[in-house]
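> build the 3D model from these lines:
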Amino acid sequence: ALSQDRPGTSIRGRKIALLAGDGVDAKQLKIAKDVLASHDAVVEVIAARAGTITDSDGKAQKVNRAAPNAPSVVYDAAIVLGGKSAEALAKSGLAIHFINEAFRHGKPIAALGTAAKVFAACSVGKNSEQEGVIVGDGKSTIEAFVTALKQHRFPRRIVDHVPS
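Numbering: from 1, shown residues only. Just a heads-up that it's a prediction; the model follows:
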């Protein structure tokens, strides 16, 4: 039952970090939250500072944890959301470290839409074809991410070049 070679049947209780900032794509944020909640995952929005961020529709979105207080090791997986916030995340040392560390630990990671820029800024950029690394847009990408989450970890990734 502890084998990581056999996918699980559920992601119930898995803790997922959504990396975002001001200008985050509102539609992506809603889809990610809705799909993951429908699978009983625990979802937290991580941003540069605590409080709220403003999404692409101009609405305030609650930040669950500020990036300095949210290390990747306490999450089972991460999704980087697109929109204008992706540009800032691609320049953020905390975001880059978060994704590099999650990748190195074999956790599922995803980049939605323009968030592929963040992966390009990380050591992951050269390895986006490896298992458990999902790049795309929309609900189908989140569903692929859920499938990866059922696998839990990807211990066979090539990580020698990835700092963490």
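> okay, the nearest residue to R12 once chain neighbours are set aside and A120: tell me how far apart.
Nearest residue to R12, sequence neighbours excluded (Cβ to Cβ, 6 or more residues apart in numbering): D40, at 4.0 Å. Bear in mind the C-beta positions are built from the backbone N, C-alpha and C, glycine included. Per Cβ to Cβ, to the nearest Å, D40 is found 32 Å from A120.
> try T9
Distance from T9 to A120, by Cβ to Cβ: 34 Å.
> who has more neighbours, these two?
Neighbour totals were compared for T9 and A120, and A120 leads with 13 against 7 (other Cβ atoms under 10 Å).
> do a quick rundown of the strands in this protein.
Ranges of strands within the chain are 15-19, 42-47, 51-54, 60-63, 65-66, 77-80, 109-112, 133-136, based on DSSP state E.
> which residues sit against the longest one?
Applying Cβ atoms under 8 Å, 6 or more residues apart in numbering, the set of residues contacting strand 42-47 from outside is 13-21, 29, 32-33, 36-37, 53, 61-67, 70, 75, 98.
> got the CA coordinates for it in CSV?
The C-alpha coordinates for strand 42-47 follow below in CSV (Å, rounded to 0.1, in the frame of the first residue of the first chain):
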residue,chain,number,x,y,z
VAL,A,42,-6.8,21.2,0.4
VAL,A,43,-6.0,24.3,-1.6
GLU,A,44,-3.9,27.3,-0.4
VAL,A,45,-3.2,30.4,-2.4
ILE,A,46,0.4,31.5,-1.9
ALA,A,47,1.5,35.1,-2.8
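> partners of it in the sheet?
Using DSSP bridges, strand 42-47 pairs in its sheet with strand 15-19 (parallel), strand 65-66 (parallel).
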